[in-house]
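Chemist: I'll drop the sequence and a predicted model, then ask my questions.
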Amino acid sequence: MHAPTINTLLLAGALCLSLCNTQAQTQAKSGASAMPIPVPANSGGKKSGAQNASQSSTQAPAQSPQSPRPQAEKVSFNSSDMQGGKPLSLSAIWVRAAPITTQMRKPTIVAMHSCGGLYSIIRSDNGKNVLTPRTVAMARELRQAGYNVLLPDSLTPRGKTSICTESLQQRGASTAERARDVQAALRWLATQDDVDPDRIALLGWAHGGTAVMQALTMPQERGTLRAKAAIAFYPNCAQFTDTRAAYKPNAPLLILTGEDDDWAPVAPCTALSEKVAAPKIALNVYPDSYHEFDAPGMLMQVRLDVPNPLHPGQGVTSASNPEAKVLAYRDMFAFLAAELK
């Protein structure tokens, strides 16, 4: 089968790949190159190679390295978060690492989306959900570097598409709930035979980055893998400084944020990095950069519907900075190489 070109991942019950002209132009402007990936359909709604972790704790059956496997598919598993007295069923996109070595088990990243959700507000021509360009760019880079990537969707199962404009008290998906989603993802990864259990890292953007930071403070649940490192892009560090309890992450943490971020200001992250001794928090601040600086092709915009923590009533700013993105990706991969060796 001819491998289509990936510029967006489309979700239509089964996964397929398509070229979306508008997003292709955006990616081209941001310097992102196309990556061919053959993606078979996820036929019959089957889970990816393993039963739901809540139904079975047994290891997934071993498969030969020559066995054909989809390189991207939709999977599902139960969250540790309860809803109506029952575990919440989560969906996720599972992207397998490029076969750049003969090694079967690969390092794996659990990547948590921002308050805007896993999917773009712009849909494909046939009305299907499309992953955000930032998510696609990250998944592409990680996959090419030899990492599996699991992309949980925390909002759709909770009846939300975005929570950016909701107050912290009203949000239908809190960072605590999403931290439990992280634990569920780690439990699901424990059932996958192409995952190296000793090389797991967490990654998150904004609200997802804050959830990742919170997940680092939670005790390891039975049957879950332990994350050896975590990366948070422009998280809300104030959540951990405006409290009496000391922040004590159980793995090294790298925070990547912009100097001019007025949505998630850098000052609380600076204070947090100075307080935490070990495991060390590394903080990289990129000049002339706002929130979402790594999003491909995003023109500067001020959102008046989101509260500004520094200047109430002025809204918050988002904008791409391609140079900062290159530096952040470089720093991210160096951190992963050092911590997941």
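Modeler: That came through fine.
Chemist: When you work out contacts or count neighbours from here on, use the C-alpha atoms and nothing else.
Modeler: OK.
Chemist: element containing the most centrally placed residue in the chain?
Modeler: By C-alpha atoms, centre = their mean, the chain has its centre lying nearest to residue 111, at 2.1 Å. Element membership of residue 111 [criterion: DSSP states H and E] is strand 106-112.
Chemist: just checking, what packs against that strand?
Modeler: Packed against strand 106-112 by the contact rule (3 or more C-alpha pairs under 8 Å, 6 or more residues apart in numbering; DSSP states H and E) you find strand 148-153, helix 175-189, strand 195-205, helix 207-215.
Chemist: Specify the angle between that strand and helix 175-189 in degrees.
Modeler: Relative orientation of strand 106-112 versus helix 175-189 (axes from the mean of the first three to the mean of the last three C-alpha atoms, to 10 degrees): 160 degrees.
Chemist: Figure out how far strand 106-112 is from the centre of its chain.
Modeler: Chain-centre distance of strand 106-112: 8 Å, with C-alpha atoms, centre = their mean, to the nearest Å.
Chemist: count of residues packed around residue 219?
Modeler: For residue 219, the tally of surrounding residues (other C-alpha atoms under 10 Å) stands at 10.
Chemist: Oh, that last question was meant for residue 277, not what I typed.
Modeler: Neighbours around residue 277, by other C-alpha under 10 Å: 11.
Chemist: so how far is residue 115 from it?
Modeler: Taking C-alpha to C-alpha, to the nearest Å as the measure, residue 277 falls 29 Å from residue 115.
Chemist: Can you find which helix in the chain contains the most residues?
Modeler: Counting residues, the longest helix found in the chain (DSSP state H) is helix 322-339.
Chemist: Specify the angle between that one and strand 106-112 in degrees.
Modeler: Between helix 322-339 and strand 106-112, the angle comes out at 130 degrees (the same axes, to 10 degrees).
Chemist: And the contacts of helix 322-339?
Modeler: 30, 201, 228-229, 231, 252, 254, 256, 286-287, 289, 293-294, 296 (C-alpha atoms under 8 Å, 6 or more residues apart in numbering).
Chemist: Which positions within that helix qualify as buried?
Modeler: Neighbour-count burial for helix 322-339 flags 322, 324, 325, 328, 329, 332, 335, 336, 339 (criterion: 16 or more other C-alpha atoms under 10 Å).
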